[in-house]
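*Asks:* Provide a 3D model corresponding to the input given below.
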Amino acid sequence: REYLTPVRTQSAFVERGLLTPEEFVMAGDQLVQACPTWRWEAGDPTKLKSCLPPDKQYLVTRSVPSYARVRQLETQQVRGKDDGDAAAGDDAAGAGADGGWFVTDVEDGAAAAGDHDFETIDTADAAG
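*Replies:* The predicted model follows:
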């Protein structure tokens, strides 16, 4: 892929939004310092890019709350999963083959009750 888009040696951030590897590392270091959910990763040693330090191949973020997802989960009621009993086919931990990440039987409490909380957006400008 680098033969189509060679590694930049001169910044084109202002003109085209493209960073040199050095700019990427500097920006990543600032991001990691400012936001504790971000961190550098080394990645697969067989896929290292020589233009980047071995321990700074890419940035990853974890444990970032999604307030929209939290609200959605708060309004959902999982049917038949309240009692904590493991269903047939669940693994030893009781989470099933999917590790407990996939739920197929969900009732949206807000939708079932007809209670929708839509935000009103005023489109009139300051002049009226």
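*Asks:* C-alpha only now, for contacts and for neighbours.
*Replies:* Noted.
*Asks:* next, the distance between the ends of stretch 42-59.
*Replies:* From the first residue to the last, stretch 42-59 extends over 9 Å; the measure is C-alpha to C-alpha, to the nearest Å.
*Asks:* can you give me the buried ones in it?
*Replies:* Going by neighbour count (16 or more other C-alpha atoms under 10 Å), the buried part of stretch 42-59 is L48, L52, K56, Q57, Y58, L59.
*Asks:* avg pLDDT for that stretch?
*Replies:* Across stretch 42-59, pLDDT averages out at 94.
*Asks:* and the contacts of it?
*Replies:* With contacts defined as C-alpha atoms under 8 Å, 6 or more residues apart in numbering, stretch 42-59 is touched by V7, P21, E22, V25, G28, W38, R39, W40, E41.
*Asks:* circling back: looking at the buried residues of stretch 42-59, which is nearest R71?
*Replies:* Out of these, the one with the shortest distance to R71 is L59. That distance is 27.6 Å, counting by C-alpha to C-alpha.
*Asks:* ok but the closest one is inside a helix, no?
*Replies:* No. With DSSP: H, G, I helix; E, B strand; the rest coil as the criterion, L59 is strand rather than part of a helix.
*Asks:* which strand or helix spans P36?
*Replies:* Following DSSP states H and E, one finds P36 outside all helices and strands.
*Asks:* kindly report the same for V70.
*Replies:* Assigned by DSSP H and E, V70 belongs to helix 67-75.
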